[in-house]
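> Could you work out the structure for the sequence below:
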Amino acid sequence: MDEIDKKILEELQKNASIPLSALSKKVGLSNTPCWNRIKKLEEEKVILSRTVVLDNKKINLPITVFLSISIHDHTEKWLSNFERVVKKYDEITEVHRLTGTNSDYQITILSPSIDEYDNFQQKLIKEIECTYMSSHISLQIIKKKHKLSLDYLN
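Below you'll find the predicted structure:
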């Protein structure tokens, strides 16, 4: 990855819908070579998708819950079921496997209300076998960044 690829990534992170002609001009390439670089970055899975970031509060999903769960059954069967369950619910926006805590997984859930979250959590309890579940509700977002630093690229 060279400096031009970095510039392309920087610009696409700022505005994924930037016209190719404007992007090409910003990075100092003509349209075709710029497009070819974007396609290569997509093929190499550097660019996973180009998307729009929404304000969850403005689409009636103001509640962000971090649900921590612990399990005792670390089998392939459990993991397969867990992945199936978390992938089927749009309310779940992120799932992380953890180390260094009392929890094995952290799930981020968006909900229109605490009551709706409670109903959703009850569904999860029936579908995910776990030994411990703890909900943490976000009161305020201090920082939420979608643009990744490219300073670490060689």
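> all contacts plus neighbour counts: C-alpha atoms, from now on.
Fine.
> So what's the gap between the one helix or strand residue 83 maps to and the chain middle?
Per DSSP states H and E: residue 83 is located in helix 76-88. Centroid displacement of helix 76-88 relative to its chain, using Cα atoms, centre = their mean, to the nearest Å, is 18 Å.
> CA atoms only for it - export them in PDB, please.
Extracted in PDB, the C-alpha atoms of helix 76-88 (Å, rounded to 0.1, in the frame of the first residue of the first chain):
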ATOM      1  CA  GLU A  76     -18.200 -25.600  18.800                       C
ATOM      2  CA  LYS A  77     -21.900 -26.400  19.100                       C
ATOM      3  CA  TRP A  78     -22.400 -23.500  21.600                       C
ATOM      4  CA  LEU A  79     -20.400 -21.100  19.400                       C
ATOM      5  CA  SER A  80     -22.300 -22.100  16.300                       C
ATOM      6  CA  ASN A  81     -25.700 -21.500  18.000                       C
ATOM      7  CA  PHE A  82     -24.400 -18.200  19.500                       C
ATOM      8  CA  GLU A  83     -23.300 -16.900  16.100                       C
ATOM      9  CA  ARG A  84     -26.600 -17.900  14.500                       C
ATOM     10  CA  VAL A  85     -28.600 -16.100  17.200                       C
ATOM     11  CA  VAL A  86     -26.600 -12.900  17.200                       C
ATOM     12  CA  LYS A  87     -26.600 -12.700  13.400                       C
ATOM     13  CA  LYS A  88     -30.300 -12.900  13.100                       C
END
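> what's the following helix or strand after that helix?
Criterion used, DSSP H and E; the element after helix 76-88 is strand 92-97.
> For residue 61, which non-adjacent residue is spatially closest?
Ranked by Cα to Cα, 6 or more residues apart in numbering and with sequence neighbours excluded, the top spatial neighbour of residue 61 is residue 112, at 4.3 Å.
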